[in-house]
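[1] structure of the sequence below:
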Amino acid sequence: MEKQRNTPGIIDLMVCPGFCVKNNKIIQVNDAAKRLFLAPDMEVSGLLLTGKEEYANFSGGCLYLSLSIADQVQGALVTRIDDQDIFLVDADTELRELQLLALAAQELRMPLSNIMISADRLTPMQTEPKCQDHMARLNRGTSQLLRLVGNMSDALRYRQGCRMQTRNVTTLLEEIFEKAAALAESVGITLTFTSLPQDVYSLVDPEQLERAVLNILSNALKFTPQGGTVEATLTKKGRLLRLTVQDSGSGIGEGILQNIFSRYRRLPSLEDSRFGLGLGMVLVRTAAANHGGTVLIDQPEVGTRVTMTLRIQESTETVLHSKILSFDYAGERDHALVELSESLPASFYFTE
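    Model prediction:
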């Protein structure tokens with residue numbers, strides 16, 4: 001009962017728009033939410049743009065979904081306290097923050113590109129084992145920087161839309177997990193993927209989907225000890241695909257879980273290098289939203305479980321979107337090696 005009495009106080013302390021929901025109705029809003037014309041007694045189901053089914057089945061953890069507020073799309077984090085749900089809407093400052101990050105990424109790309117070109121030219125010249133080891137570490141470091149710079153720029157680009165193509169989602173995911181499983185095995189982690197028995201065709205952005213899955217796997221591998229397991233499962237219910245990734249790691253602290261979808265809020269980052277800026281999860285939640293889905297992070301008895309949903313969409317056009325305007329965000333490098341570079345040994349990054 002004490003938590004219920006304190007819930008409105010929690011909402012009032014939030015700088016971002018926040019409101020409290022009970023039995024599908026808004027019962028409390030803070031000042032920032034009032035400026036979005038949200039008010040008590042409004043039904044939250046009428047605001048849900050994505051995640052209606054997911055929210056109906058929500059029982060705990062952190063759920064990220066999309067709302068339609070004042071004819072604008074807004075992302076929102078949902079957490080449950082007792083029998084009430086707290087909705088925290090993305091602050092208006094997010095777009096400005098992502099624009100600044102994209103500008104910084106643009107300035108970093110040229111010197112990083114020069115370093116990568118020089119490293120590529122030097123690598124075949126190294127014959128001594130010690131030199132090869134140093135080159136492998138250099139290549140791994142540039143892959144990590146490439147991933148970070150890519151996250152800084154693409155967090156904004158993904159918000160601006162996606163390039164949809166009709167693809168066999170089942171096959172696409174199977175290929176991603178097949179490669180990731182081989183890489184995970186090299187660090188002593190067993191990664192399994194249970195796919196669907198049938199093909200499922202849908203409009204998807206292959207880059208965004210691959211990037212989201214690899215970011216989820218990167219986190220799972222970083223927090224799973226050697227000898228542990230990561231189990232992924234793809235299921236289908238109606239027009240909804242559900243990809244679940246569960247690891248056998250130590251789990252996420254409650255304070256970190258509450259901020260898991262927020263940028264920069266990685267308090268243990270100075271002490272624990274596994275924590276980053278949080279841009280990876282921004283990519284994941286944005287990619288899910290662009291595909292009509294949501295992201296749920298919860299903790300079973302062991303480890304952490306991430307569930308990303310995608311809504312199956314059929315093309316109404318006779319011609320697929322052209323790929324001519326697209327570019328390789330990884331600079332023609334292996335995508336899995338870039339996205340999983342924080343979890344893999346340096347030996348993977350020396351190519352003769």
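
[2] in terms of pLDDT, where does residue 166 sit?
    Here the pLDDT value assigned to residue 166 is 94.

[3] which SS class is the residue lying closest to it once chain neighbours are set aside?
    Of all residues not flanking residue 166 in the chain, residue 315 sits nearest, at 4.9 Å (C-beta to C-beta, 6 or more residues apart in numbering). From N, CA and C alone the C-beta is placed, and that goes for glycine too. Here residue 315 is coil, with the state taken from DSSP: H, G, I helix; E, B strand; the rest coil.

[4] what sits against residue 315?
    Residue 315 makes contact with 164, 166, 203 under the criterion C-beta atoms under 8 Å, 6 or more residues apart in numbering.

[5] confirm that residue 111 sits in a helix.
    Yes. Note on residue 111: a helix contains this position according to three-state DSSP.

[6] so how far is residue 118 from it?
    According to C-beta to C-beta, to the nearest Å, residue 111 stands 11 Å off from residue 118.

[7] and if you look at residue 283?
    28 Å.

[8] for the helix or strand hosting residue 101, name the packing helices and strands.
    Residue 101 belongs to helix 93-122 when assigned by DSSP states H and E. Helices and strands touching helix 93-122, by 3 or more C-beta pairs under 8 Å, 6 or more residues apart in numbering; DSSP states H and E, are helix 129-159.

[9] what residues of stretch 170-184 count as buried?
    If you call a residue buried by 16 or more other C-beta atoms under 10 Å, then stretch 170-184 has these buried ones: 170, 172-173, 176-177, 179-181, 183-184.

[10] just among the contacts of residue 315, which is most surrounded?
    Highest neighbour count within the contacts of residue 315: residue 203, with 21 neighbours (other C-beta atoms under 10 Å).

[11] show the contacting residues for that residue.
    Counting by C-beta under 8 Å, 6+ apart, residue 203 has contacts 164-167, 313-315.

[12] with distance to residue 305 added, can I get those in CSV?
    Shown next, in CSV, are the contacts of residue 203 (distance: C-beta to C-beta, whole Å):
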residue, distance to residue 305
164, 28
165, 29
166, 30
167, 26
313, 26
314, 30
315, 32
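
[13] out of those, which one sits closest to residue 341?
    Checking these against residue 341 with C-beta to C-beta, the nearest one is residue 167 at 25.6 Å.

[14] low-confidence stretches in the chain?
    Low-confidence segments of the chain (pLDDT under 70): 1-9, 91-93, 253-278, 316-327, 351-352.

[15] in it, which residue is closest to the centre?
    Among the residues of the chain, the one closest to the centroid is residue 284, at 2.1 Å (C-alpha atoms, centre = their mean).

[16] now do the same for the residue lying closest to it once chain neighbours are set aside: helix, strand or coil?
    Leaving aside its sequence neighbours, residue 284 sits nearest to residue 212 (C-beta to C-beta, 6+ apart; 4.6 Å). Three-state secondary structure (criterion: three-state DSSP) places residue 212 in helix.

[17] which residues touch residue 212?
    So residue 212 contacts 283-284, 287-288, 308 (C-beta under 8 Å, 6+ apart).

[18] among those residues, name the ones in helices.
    Using DSSP state H, the subset of the contacts of residue 212 located in helices is 283-284, 287-288.

[19] redo those as CSV? Include distance to residue 191.
    What follows is the ones in helices among the contacts of residue 212, written out as CSV (distance: C-beta to C-beta, whole Å):
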residue, distance to residue 191
283, 20
284, 18
287, 20
288, 21
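
[20] which of those sits closest to residue 19?
    residue 288 (22.0 Å).

[21] what is the neighbour count of the closest one?
    27.

[22] what sits against it?
    Taking C-beta under 8 Å, 6+ apart as the test, what residue 288 contacts is 50, 64, 212, 294-295, 308-310.

[23] helix, strand or coil: sort out residue 235 for me.
    strand.

[24] nearest spatial neighbour of it, chain-adjacent residues omitted?
    Residue 235's closest residue in space is residue 242 (C-beta to C-beta, 6+ apart), at 4.9 Å.

[25] so what secondary structure elements neighbour the host helix or strand of the one you found?
    For residue 242, the host element (DSSP H and E) is strand 240-247. Contact partners of strand 240-247 among helices and strands, from 3+ C-beta pairs under 8 Å, 6+ apart: helix 206-222, strand 229-237, strand 305-311.
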